[in-house]
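Trainee: only geometry, no sequence info:
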């Protein structure tokens, strides 16, 4: 019986370790770009075409839904009169379906009278190839404002626009709902957006590029810090790679993507590579102009953005307004599938140059700010190039290791107690008669 129990403990430990090592992902055919990896914690939710039928979203949760061409879908929020709420939508076209200039989604939050609190759209524009695109909307509580300030039921409306020439397939949606923490002292915060900030591009890193492999989504985006990073295996036609960079209060982020040469052709492709930046709430910050390619080394950079400050939200420019909180900022890079026709399906060497400048400032929020903060663990993950699932796996392995040590200690302690009792029992037992059998069934048997 004891042997059987020990075997069960060992099997349980092995099963736990296997579960810890396994990472969620999505299968894809050999030689084809990896599919978008949705957050495994995402709950399935259907958007409603009538607002009265909308399902409620919960703060801090992730959801998975879908939307058809021309469809308008509602989801519901229950908001109080003091909390800022953010809802983002990542639209993921299925397969390699055709998209056109202007195709995309619009996300808005509206009150019960259909007054719009905030909105943002995500469009494909001149880079007319399928890839994940993100947008967010928010309801913010502001002194002196009379719109969307009351507690009550609000609607999230997601609208999809597609041209007649575009593929009619549904797009998957990954939805997130985050609540912004309360301020330590709301009355002392600036209410004017900054007018000037350092805009000169920093000196690029002088160290040799280090290898990193980008993720397939926001969920498994690979951590980066200041430095030059070479994508292991390059970027393949049609592939989107995700990276994340911790940017704290008062810090600026700069990013440049560089494609290496490819001697297979010299054909000019006008929109070959797209570089995009999104904030910790998965709201779109900015995109670089699509990079053209003709087989020679070439690069593209994001425009200089302001340091992260709370008061950036008061700027009318969306790229400045989106730099409103600290946390993980997400870089995504997509290579056009058109590249394969002239340059082949193999990966083209890709290098990302990232620079985070400025000293980290103090958070304006009360207590733990959650996703709107940068912790030492975040910095360590960026230094080591860890994605969220990898960090979680490491934590589980540490926990399993500690549990294994604990289980081993209990077994050793139990064995020691059993041995002590056996010896005491043997010392107090009467002597066995000559030629007779030992009492109590004889000495303890080995396990």
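Mentor: Here it is on my side, so go on. These numbers were taken from a predicted model, which means no experiment stands behind them.
Trainee: could you point out which element follows the helix or strand containing residue 274?
Mentor: Using DSSP states H and E, residue 274 maps to strand 269-278. In the C-terminal direction, the helix or strand that comes right after strand 269-278 (DSSP H and E) is strand 284-287.
Trainee: neighbouring strands for that following strand, and are they parallel or not?
Mentor: When pairing is defined by DSSP bridges, strand 284-287 lines up against strand 269-278 (antiparallel).
Trainee: in the partner strand, what counts as buried?
Mentor: 269, 271-278 (16 or more other CB atoms under 10 Å). No exception for glycine: its C-beta is placed from N, CA and C like everyone else's.
Trainee: possible to save those as CSV with distance to residue 247 and pLDDT?
Mentor: Converted to CSV, those look like this (distance: CB to CB, whole Å; pLDDT from 0 to 100):
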residue, distance to residue 247, pLDDT
269, 32, 97
271, 28, 95
272, 27, 97
273, 23, 97
274, 21, 96
275, 16, 97
276, 15, 97
277, 10, 98
278, 12, 98
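Trainee: can you lay out these as TSV showing distance to residue 122?
Mentor: What follows is these, written out as TSV (distance: CB to CB, whole Å):
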residue	distance to residue 122
269	23
271	16
272	20
273	18
274	12
275	15
276	9
277	13
278	10
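Trainee: pick out whichever of those sits closest to residue 150.
Mentor: Checking the buried residues of strand 269-278 against residue 150 with CB to CB, the nearest one is residue 278 at 29.7 Å.
Trainee: which element is the nearest residue to the closest one once chain neighbours are set aside on?
Mentor: Using CB to CB, 6 or more residues apart in numbering and skipping residues adjacent in sequence, the residue nearest residue 278 is residue 330, 4.5 Å away. Assigned by DSSP H and E, residue 330 belongs to strand 327-335.
Trainee: okay but residue 254 is in contact with residue 201, surely?
Mentor: Yes: if you go by CB atoms under 8 Å, residue 254 and residue 201 touch, sitting 6.2 Å apart.
Trainee: the two: which has the busier surroundings?
Mentor: residue 254 (19 against 14; other CB atoms under 10 Å).
Trainee: for that one, what are its contacts?
Mentor: 201-202, 301-302, 304-305, 353-357 (CB atoms under 8 Å, 6 or more residues apart in numbering).
Trainee: can you count the residues close to residue 243?
Mentor: By other CB under 10 Å, neighbour count at residue 243 equals 26.
Trainee: and the one 10 residues further on, by the same measure?
Mentor: The tally of other residues near residue 253 (other CB under 10 Å) stands at 23.
Trainee: tell me how far it lies from residue 173.
Mentor: 27 Å (CB to CB, to the nearest Å).
Trainee: likewise for residue 283?
Mentor: In terms of CB to CB, residue 283 sits 15 Å off from residue 173.
Trainee: got it, and residue 123?
Mentor: Taken as CB to CB, the span from residue 123 to residue 173 is 16 Å.
Trainee: cool, residue 115 as well?
Mentor: 24 Å.
Trainee: and these two? Which one has more around it.
Mentor: residue 173 (25 against 12).
Trainee: and the pLDDT for that one?
Mentor: According to the prediction, residue 173 has pLDDT 98.
Trainee: same question, residue 395
Mentor: Value for residue 395, per-residue pLDDT: 51.
Trainee: what's the burial count for residue 365?
Mentor: Neighbour number of residue 365 under other CB under 10 Å is 19.
Trainee: tell me who's in contact with it.
Mentor: 180-184, 372-373.
Trainee: just the buried residues from the residues you listed, in ChimeraX please.
Mentor: In ChimeraX, this line selects whichever of the contacts of residue 365 come out buried by 16+ other CB under 10 Å:
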select :180,181,372,373
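Trainee: ok so, going back, mutual contacts of residue 254 and residue 201, please.
Mentor: Residues touching both residue 254 and residue 201 (CB under 8 Å, 6+ apart): 301, 304.
Trainee: low-confidence ranges in the stretch 251-400 of the chain?
Mentor: Scanning the stretch 251-400 of the chain for pLDDT under 70 picks out 391-400.
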